[in-house]
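**Q** Sequence plus the predicted model coming up.
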Protein chains: 2
Amino acid sequence: MPSSKSPSSPDQPEQPDQPQLQPQDQAQAQQQPTRPTPPEAPELIWLRPERTGRGPRPAHSRDSIAAAAIVIADAEGLDAVSMRRVAAALGAGTMSLYNYVPKKEHLLDLMLDAAAGEYRLPPEPTGDVRADLASLGHTQLAIFRRHPWLPALVLARPGIGPNALRYTDYFLAVTAPTGLPGGARMEAMAMFNGFICQFAQYEQTAAAGAKWQAEMIGYLTQAAMSGNYPNLAQAFATAGPPADPDQAFDRSLDRVILAILAPPTGSQSLSGEIRRTP
Amino acid sequence: MPSSKSPSSPDQPEQPDQPQLQPQDQAQAQQQPTRPTPPEAPELIWLRPERTGRGPRPAHSRDSIAAAAIVIADAEGLDAVSMRRVAAALGAGTMSLYNYVPKKEHLLDLMLDAAAGEYRLPPEPTGDVRADLASLGHTQLAIFRRHPWLPALVLARPGIGPNALRYTDYFLAVTAPTGLPGGARMEAMAMFNGFICQFAQYEQTAAAGAKWQAEMIGYLTQAAMSGNYPNLAQAFATAGPPADPDQAFDRSLDRVILAILAPPTGSQSLSGEIRRTP
DNA sequence: CTTCTCTAGGTACAGCGTACGTAGAAGCTT
DNA sequence: AAGCTTCTACGTACGCTGTACCTAGAGAAG
C-alpha cells in the first residue's frame, strides 16, 4: 500500500476518444506528459490530500465547509443543504466549493465524519462490556437527536472517515473481552449502529408532523377495524399507553446487547437450514 | 374517522386571476358555502380513494404506475425514477401523473407497498417461532435482493400500505406464542426488519463498485497501519477470508431472533441506569 | 338535456448538480 | 528575479428535477 502521498501517477490519460495508446505514445507521455497528472483522482475523499502545497492557499477548509453544511442541515434539514447554500454560507462562489469537494456526495461524507467527531470516547473501555455498550449507545442516540438529519445519512452510506474509524476502533476495544473474532465484532457493530440509527430515525419521522401522525393513527385504526388484520387489531386493543421513548430505547438496546454478547451461535445455525418459502 | 368516501370537494377556486365569478355564482356560492368540503385532502395516499366515480375513467391505475416505476428502478436505480420517466413509460403526459400521485413521495409509497406485495405469506404460522422468523427473514432478503433500491426506501420512510400491513399482521401472528405484549412485538418487528434491510443495503453498496471497493480496502489497510487504530489493525490482522454473505446473514439473523425471543428484560434494565458520557 | 366534476396534458418556473473556461495568485525551478 | 507551473476563485450555462397553474374536453349526475 502506498503511503498517503502519491502525487505523480502518470496513468493513462482518461481514455481519449481515439484509443491510440501504443507503447510509443506511452513512452512519449512519460517524457513530456501531455496531461501530467491527469485522472486517477481517488473517488474516496479521504484519499485525496486536503492540500498539496502548490498554488495560493485556500480560503476555506474541509472542516469549515462541513461545519457550515451542518449548521444548515440542523436548521432546515438535509434537503436545504445544496452546494449553492453552503457556498453562500461560506461567502464563496458556488463553484469554488468544488475545489474542496469534488462531488456533493463528498460533502455528505464530510458532514458524516464531522458528526462522528462529536463522540467523546473514553480513552479506555472499563472492561464491563455491557455497561460500555450501553453508555456508547446513549451517547450515540444523543448525537443523533442533536442532528436530525444524521440517521438518514448514516443509513444511506457506509461512512468511513478518521472519526468514524476512531469510533470503530473504540467499539472493537469495548467488545474485545467477548473473545469474538474481529469479523464477528464488526458485524456486531453494524447491528448496534443500525439499531440506534433506526430508532433515532423513527423518532424523527414520528416527531415530524403531528397532523401526519393523527392521519396515520386514524388510518391504522380504520385498518384494524376492517377485519383484514386481526392480529394488528388485537395488538391495538391490548396496547397500553404510548410508552416513553427512552424506556423503549433502553429495552430494545438491552436486547441488542444481549444478542451481541450471546455465544457465537449456541449449537448450530437454525436459520441456515431453512430456505425461503416462495 | 370518516368513511373512505368523500367525493364532493369543489374546493375553492384558488385565486383565479380573472374574477369570473358571476353574481349568479356568488349567490349560489353563498347559499352553499364557498368551500363545502374544502381542502383537507389527506396527506396519506392510502386515505385518498383511488377513484371517486365522477368524471371520465382514468387511463391508468396506482398498480400500473407503481409497476412502471419499479421496472425503471430495477433497471436503472432509484434516481432514474422521475415523474417524467414514469409518465413516459406509461405513455402519459408528465403532469397527468399528478392526478394519481399528488406528490412524488406518494409514488415512492406506492412502489414500497407494491414490493411488499411480493411476499407470499403462509396462511398460518407453523407455531415454531424461530423457524417462522428465519423463513420470513430469508424471504425478505430475497425480495430486497430482487429490488436493489428497496432497502434505501424502507429505511427512509415508515411505509404502511395494505401489503405492508399484511406483513405486519403476519409477523404479529408469528410472534404471538412468545406471549410478549403487542407493543413489544412491534418493536421486535422493527428490529427484525431493520436488520435485514441494513444487511441488504450493505450488500448493495458492496456490490456497487469493484473499483470503489478496492480503494476502500486500500484506505482501510493504510489506516490500520497508521497506528492510530490499534484494535482495527488487530481485527484486520486476525481476519479470516471474506466470509460468505449468506452465512454471515444466517449468523446475524440467528442473533436477532435470539434477541427477540429473549424474556422481556431478564432482571432490570441495564442500559437504563447508565447515562451518556459527554 | 344541462351541469359540473373529473381527466389529460402543455407551459413555465425555480432550483438543483456540475462541466467548462477564464483570470490571477503563489510556489518551484532556473 | 524571471519564468513556469499549478493551484484557487468564480461566472456562465446546460440539462434535469418537482410541480404550480391553465386549458380543453370526457362523461356521470341531476
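**A** That came through, no problem. The structure displayed is predicted, hence computed values, not measured ones. Numbers count the residues shown, from 1 in each chain, chains lettered A, B, ... in the order given.
**Q** going forward, measure contacts and count neighbours with C-alpha atoms only.
**A** Fine.
**Q** Can you pull the poorly scored residue ranges out of the stretch 51-200 of chain A?
**A** In the prediction, the stretch 51-200 of chain A carries no residues with pLDDT under 70.
**Q** dump the residue contacts of A:F199.
**A** Applying CA atoms under 8 Å, 6 or more residues apart in numbering or on different chains, we find A:F199 in contact with A:F249.
**Q** buried residues in the helix or strand hosting it?
**A** Assigned by DSSP states H and E, A:F199 belongs to helix A:182-208. Using 16 or more other CA atoms under 10 Å in any protein chain shown as the test for burial, helix A:182-208 gives A:182-202, A:204.
**Q** SS state for A:Y119?
**A** Assigned with DSSP: H, G, I helix; E, B strand; the rest coil, A:Y119 falls in the coil class.
**Q** Could you tell me how far it is located from chain B?
**A** Distance of A:Y119 to chain B, given as CA to the nearest CA, to the nearest Å: 8 Å.
**Q** With A:Q247 instead?
**A** Counting by CA to the nearest CA, the gap from A:Q247 to chain B is 7 Å.
**Q** and that residue, how many residues sit next to it?
**A** The local packing of A:Q247 (other CA atoms under 10 Å in any protein chain shown) involves 13 other residues.
**Q** Repeat that for A:M83.
**A** Counted with other CA under 10 Å, A:M83 comes out at 20.
**Q** What are the boundaries of the helices in the stretch 151-278 of chain A?
**A** A:162-174, A:182-208, A:210-225, A:230-237, A:245-261 (DSSP state H, counting those that start in this stretch).
**Q** Which strands or helices does the third one pack on?
**A** If I follow you right, that is helix A:210-225. Contact partners of helix A:210-225 among helices and strands, from 3 or more CA pairs under 8 Å, 6 or more residues apart in numbering or on different chains; DSSP states H and E: helix A:230-237.
**Q** hmm, who's touching the helix it packs on?
**A** With CA under 8 Å, 6+ apart, helix A:230-237 has contacts from A:221, A:224-225, A:227, B:168-170, B:172-173, B:181-183.
**Q** from the residues you listed, which single one is nearest DNA strand C?
**A** Closest approach to DNA strand C among the contacts of helix A:230-237 (CA to the nearest atom of the strand): A:T221, at 25.4 Å.
**Q** Just give me the neighbour total for the closest one.
**A** Look at A:T221: counted by other CA under 10 Å, it has 15 neighbours.
**Q** can you tell me how far it sits from B:G117?
**A** Counting by CA to CA, to the nearest Å, the gap from A:T221 to B:G117 is 21 Å.
**Q** which parts of chain A sit against DNA strand C?
**A** Counting by CA under 7 Å from any atom of the strand, the positions of chain A adjacent to DNA strand C are A:53-57, A:80-85, A:94-95, A:102-105.
**Q** Report the buried members of those residues.
**A** Neighbour-count burial (16+ other CA under 10 Å) applied to the residues of chain A next to DNA strand C gives A:81-85.
**Q** from those, which two are the most distant?
**A** Greatest spacing in these, by CA to CA: A:V81 and A:R84 (8.2 Å).
**Q** quick one: buried residues of the helix or strand encompassing A:A134?
**A** Per DSSP H and E, A:A134 falls inside helix A:129-146. In terms of neighbour count (16+ other CA under 10 Å), helix A:129-146 has its buried residues at A:129-141, A:143-145.
**Q** how about the strands in the stretch 1-150 of chain A?
**A** Counting by DSSP state E, counting those that start in this stretch, one finds no strands in the stretch 1-150 of chain A.
**Q** Show me what from it comes close to chain B.
**A** With CA under 8 Å from any CA of the partner chain as the criterion, the stretch 1-150 of chain A meets chain B at residues A:1-3, A:42-44, A:46-47, A:119-121, A:130-131, A:134-139, A:142.
**Q** List phi and psi for A:S61.
**A** For A:S61, the backbone dihedrals are phi -140, psi 160 (criterion: degrees, to the nearest 10).
**Q** check contacts around it.
**A** Going by CA under 8 Å, 6+ apart, A:S61 touches A:Y100.
**Q** And A:A67, by the same measure?
**A** Shown in contact with A:A67 (CA under 8 Å, 6+ apart): A:111, A:114.
**Q** repeat that for 10 Å
**A** A:A67 makes contacts with A:61, A:73, A:86, A:90, A:110-111, A:114-115, as judged by CA atoms under 10 Å, 6 or more residues apart in numbering or on different chains.
**Q** For the buried ones among those residues, write the corresponding PyMOL selection.
**A** Buried subset of these, written as a PyMOL selection, criterion 16+ other CA under 10 Å:
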select buried, chain A and resi 73+86+90+110+111+114+115
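**Q** Just to check, A:D128 is in contact with A:L261?
**A** No - counting by CA atoms under 10 Å, A:L261 is not a contact partner of A:D128; they are 11.6 Å apart.
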